[in-house]
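Trainee: Model the structure of this input:
(2 chains)
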There are 2 protein chains.
Amino acid sequence: LAFDTMRWHGRQLEILDQTLLPGTCQYIVLDTVSAVFEAIQKLRVRGAPAIGCCAAFGVVVGVLEARPASANEAVESAVKSAARLAESRPTAVNLFWALRKMEAIAHGAAGLESAEDVIGALETAAKAIHDDERELCRLIGVHGSPLISDGAGIMTHCNAGALATSGYGTALSPIFAAHAQGVALRVFANETRPLLQGARLTTWELMQAGVDVTLICDNTAARVMAEGKITMVIVGSDRIAANGDAANKIGTYGVALLAQAHHIPFYVAAPLSTFDLEVPDGDAIPIEERAPEEVTEGFGRRTAPEGVQVYSPAFDVTPAALIAGIITEHGILSPPYGPAIAQAAKKV
Amino acid sequence: LAFDTMRWHGRQLEILDQTLLPGTCQYIVLDTVSAVFEAIQKLRVRGAPAIGCCAAFGVVVGVLEARPASANEAVESAVKSAARLAESRPTAVNLFWALRKMEAIAHGAAGLESAEDVIGALETAAKAIHDDERELCRLIGVHGSPLISDGAGIMTHCNAGALATSGYGTALSPIFAAHAQGVALRVFANETRPLLQGARLTTWELMQAGVDVTLICDNTAARVMAEGKITMVIVGSDRIAANGDAANKIGTYGVALLAQAHHIPFYVAAPLSTFDLEVPDGDAIPIEERAPEEVTEGFGRRTAPEGVQVYSPAFDVTPAALIAGIITEHGILSPPYGPAIAQAAKKV
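Mentor: Numbering: from 1, shown residues only, chains lettered A, B, ... in the order given. I've put the predicted structure just below:
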């Protein structure tokens, strides 16, 4: 990849400011907990896995910022930083997971000799979270890329790419891998209203990698399929129920139905951490509703009448029956998903 | 209705500039063929029937602009104006129909005494096209409104309303009629990227009439259907082939497939002039491609990378097999559409 979503070197955290994409590709240094907090909250860094990694580094940043005189002071500032960062976004599961992990490391390091020892332990842990994330993404690419053959036309929705993770992404990882192997392929990226992650981010990162990508409006998906341009669909997921029903960005369910109508296989790519075995099926996944202004003023200028009613769910649920396979870091799960998911969960 | 889509008085053509809606409700005078051409091409006036009416008046505008000294000169400039206006947009059959009619009137008026006589004949013909159009829309409402019962949830795509016609619209006419009869109904308007006719125009004109309307992003249609909120879909059409395949705004075909998947009846509302018996099926309907900037620079601000490839067909084709009925001014056509359309065509 020609860019890093985030970098850690010389004990400094740098992130690619995604709010400036695609117009400007600018890295910013986050050298205080407040800066990390603001970056997550304002979506300068986004995508559940990327947020988790950024928050983990953010804990190290917080300790360095505090200049602790002892191991105890270092542990204390790590715990404080983690508590602060947990308030940055309310729903990202990976955020809380990463912060809990960093807190546990901090408490475990309480017996070490110096502040420097604690910082070293935290730094190692944050790097491990980041590296593990990269490896998961890489493995999703390894398992998914054989599905892509020469001449493939791949539709994707929203951004489940490198920018959303710290590696090659989930849905985009098999595409990057196949492209790197010299497979001739073409991607159609749905723009993904209301926030246009497909238009702003997916096209950008595929273009950076030299992948042939074409942007379409969401409502053009059916026509492109009817024209025979699409041979497969790959999307990411925010949460997958025990039966394989998959929640993802609004519009994904429609794409899955259109794919079915055109006999096009529809794949979900996600690490096993996305599975929520406590949720039996899609009906039990809560769906967040977004602010009407994202729809009515999405382009910086009002494009709908004042006072119009708006319905803007952030996600929809694709029933397991529409999914040809779920590409994970441990291989591709096939229907029936109930047993396949239960089996795979043992590997985590 | 509280507004006119276009007006003809004092031998002047005025249109409501729809590119400024919903923020500004402003009428502009079109006093040259170039201005009429530009208004059609830039979608200041839009919707197949409205384009037809506007082009018919445009021929009169062209003759007035030419200040012809004789009947022959008037006929000549009418023919020239019609030829010019036929280049403004490629898909809408009403445009060509109206221009052919105006040309026939011009040729028929060649024997008249003066330029003024020819202009008078053309003006009368254009007004008749406009008045007929209003009546057609009213009748589509009369025939379509019995399909709508209390508690209906109606999805529509793009704008096939009053703004697209010179009357109550096509797809929206049954809705206006049912609402006027006191039927409790709710409309979901797809925003219709890239130009947001649903967000800007359909919501606006339904709100003007006091109809309960909710705006959604195009990609939210499937979710809204899955939630059980939709009992029927009504859309307009730009051209219907002899077998019933219907071209309409991009996204319509996808909505039709989603409706089928949810067992929701999908209706097309269009006057008989929309039928093109010379086109055997949808494959033979030419599909206009729009400029990439409509997608990448939505409303004044760039939201996709420079140089990104864009595919933006303006229309798609819904196969006859997905259409539950075609609501016309002579009643509702049912499958099989081949014979039904051939029969109905005799009434024109």
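
Trainee: could you pull out the strands for the stretch 201-348 of chain A?
Mentor: Using DSSP state E, counting those that start in this stretch, the strands of the stretch 201-348 of chain A run over A:212-216, A:232-235, A:239-241, A:246-249, A:266-269, A:275-276, A:309-310, A:315-318, A:325-328, A:331-333.

Trainee: Now tabulate the ones you listed in a markdown table and tack on mean neighbour count.
Mentor: In this view, the C-beta of every residue, glycine as well, is placed from N, C-alpha and C. Converted to a markdown table, the strands of the stretch 201-348 of chain A look like this (neighbours: other CB atoms under 10 Å in any protein chain shown):
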| stretch | mean neighbour count |
| --- | --- |
| strand A:212-216 | 22 |
| strand A:232-235 | 26 |
| strand A:239-241 | 25 |
| strand A:246-249 | 27 |
| strand A:266-269 | 26 |
| strand A:275-276 | 21 |
| strand A:309-310 | 20 |
| strand A:315-318 | 25 |
| strand A:325-328 | 26 |
| strand A:331-333 | 19 |
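
Trainee: got these as a markdown table, with mean pLDDT columns?
Mentor: Formatted as a markdown table, those follow (pLDDT from 0 to 100):
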| stretch | mean pLDDT |
| --- | --- |
| strand A:212-216 | 98 |
| strand A:232-235 | 98 |
| strand A:239-241 | 92 |
| strand A:246-249 | 95 |
| strand A:266-269 | 98 |
| strand A:275-276 | 90 |
| strand A:309-310 | 98 |
| strand A:315-318 | 96 |
| strand A:325-328 | 98 |
| strand A:331-333 | 98 |
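
Trainee: Kindly reformat those strands as TSV containing distance to residue B:23.
Mentor: Output for these, formatted as TSV (distance: least, CB to CB, whole Å):
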stretch	distance to residue B:23
strand A:212-216	27
strand A:232-235	35
strand A:239-241	39
strand A:246-249	29
strand A:266-269	39
strand A:275-276	44
strand A:309-310	17
strand A:315-318	31
strand A:325-328	45
strand A:331-333	50
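
Trainee: Of all the ones you listed, which one is nearest residue B:8?
Mentor: Nearest to residue B:8, of all the strands of the stretch 201-348 of chain A, is strand A:309-310, at 35.4 Å by CB to CB.

Trainee: I would like the residues contacting the closest one, please.
Mentor: The set of residues external to strand A:309-310 that reach it, using CB atoms under 8 Å, 6 or more residues apart in numbering or on different chains, is A:292, A:295-296, A:304, B:212-216.

Trainee: on that earlier part again, and of the strands of the stretch 201-348 of chain A, who's closest to residue A:120?
Mentor: strand A:325-328 (32.7 Å).

Trainee: Right, and chain B sits closest to which residue of the stretch 101-250 of chain A?
Mentor: Going by CB to the nearest CB, chain B is nearest to residue A:219 of the stretch 101-250 of chain A, at 2.9 Å.

Trainee: Tell me how many other residues surround that residue.
Mentor: Neighbourhood size, residue A:219 [other CB atoms under 10 Å in any protein chain shown]: 32.

Trainee: Neighbours of the closest residue to it other than its chain neighbours, how many?
Mentor: Once flanking residues are discounted, residue A:219 sits nearest to residue B:251: 2.9 Å by CB to CB, 6 or more residues apart in numbering or on different chains. Neighbour count for residue B:251, taken as other CB under 10 Å: 28.

Trainee: The one 3 residues further on too?
Mentor: When neighbours are defined as other CB under 10 Å, residue B:254 has 31 of them.

Trainee: ok, now which ones touch the residue lying closest to it once chain neighbours are set aside?
Mentor: Leaving aside its sequence neighbours, residue B:254 sits nearest to residue A:222 (CB to CB, 6+ apart; 3.3 Å). Neighbouring residues of residue A:222 by CB under 8 Å, 6+ apart: A:258, A:261-262, B:251, B:253-254, B:257, B:316.

Trainee: switch to 7 Å and redo it
Mentor: Residue A:222 sits next to A:258, B:253-254, B:257, B:316 when contact means CB atoms under 7 Å, 6 or more residues apart in numbering or on different chains.

Trainee: Can I get those in a markdown table including distance to residue A:200?
Mentor: A markdown table is the format used below for these (distance: CB to CB, whole Å):
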| residue | distance to residue A:200 |
| --- | --- |
| A:258 | 23 |
| B:253 | 26 |
| B:254 | 22 |
| B:257 | 27 |
| B:316 | 25 |
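
Trainee: so which of those residues comes closest to residue B:78?
Mentor: Using CB to CB, residue B:316 comes nearest to residue B:78 of the contacts of residue A:222, at 34.5 Å.

Trainee: I'd say the closest one and residue B:256 touch.
Mentor: No: applying CB atoms under 7 Å as the test, residue B:316 and residue B:256 come out as separate, 9.2 Å apart.

Trainee: Quick check: the residue of the stretch 1-150 of chain A found nearest chain B vs residue A:250, distance?
Mentor: Nearest residue of the stretch 1-150 of chain A to chain B: residue A:22, at 3.9 Å (CB to the nearest CB). Note on residue A:22: its distance to residue A:250, by CB to CB, to the nearest Å, is 21 Å.

Trainee: Could you check which of the two has the larger neighbour count?
Mentor: Using other CB under 10 Å, the more surrounded residue of residue A:22 and residue A:250 is residue A:250, with 28 against 21.

Trainee: I'd assumed residue A:314 was in contact with that one.
Mentor: Yes: here residue A:250 reaches residue A:314: they are 6.0 Å apart, a contact under CB under 7 Å.

Trainee: burial count for residue A:45?
Mentor: For residue A:45, the number of neighbouring residues by other CB under 10 Å comes to 28.

Trainee: List the residues that contact it.
Mentor: A:6, A:15, A:18, A:39, A:51, A:54.

Trainee: What pLDDT is listed against residue A:347?
Mentor: We have a pLDDT of 83 for residue A:347.

Trainee: Please disregard the earlier target; I meant residue A:312.
Mentor: If you check residue A:312, the pLDDT there is 97.

Trainee: Could I get the contacting residues of it?
Mentor: Neighbouring residues of residue A:312 by CB under 7 Å, 6+ apart: A:194, A:289-290, A:292, A:294-295, B:217.

Trainee: outside of stretch A:130-145, which residues touch it?
Mentor: With CB under 7 Å, 6+ apart as the test, stretch A:130-145 has contacts from A:8, A:49, A:53, A:165-170, A:173-174, A:176-178, A:181, A:269, A:271, A:327-329, A:331-332.

Trainee: Specify the local secondary structure of residue A:50.
Mentor: Taken by DSSP: H, G, I helix; E, B strand; the rest coil, the conformation at residue A:50 corresponds to helix.

Trainee: hmm, back to that, which pLDDT value goes with the residue nearest to residue A:219?
Mentor: 98.

Trainee: correct me, but it touches residue B:192?
Mentor: Yes: Residue B:251 is within contact range of residue B:192, at 6.4 Å (criterion: CB under 7 Å).

Trainee: Chain B contacts on the stretch 151-300 of chain A?
Mentor: Along the stretch 151-300 of chain A, the residues adjacent to chain B under the rule CB under 7 Å from any CB of the partner chain are A:191, A:193-194, A:196, A:199-200, A:203-204, A:207, A:213-224, A:226, A:250-251, A:253-254, A:257-258, A:261, A:295, A:299-300.

Trainee: Buried subset of those residues as a ChimeraX selection?
Mentor: In ChimeraX syntax, the buried subset of these is picked out as below (16 or more other CB atoms under 10 Å in any protein chain shown):
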select /A:191,193,194,196,199,200,203,204,207,213,214,215,216,217,218,219,220,221,222,223,224,226,250,251,253,254,257,258,261,295,299
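
Trainee: quick one: low-confidence parts of the stretch 151-300 of chain A?
Mentor: Across the stretch 151-300 of chain A, no stretch falls below the confidence threshold (pLDDT under 70).

Trainee: Helices of the stretch 1-150 of chain A, start to end?
Mentor: With helices called from DSSP state H, counting those that start in this stretch, the stretch 1-150 of chain A shows them at A:33-41, A:48-66, A:71-85, A:93-108, A:115-144.
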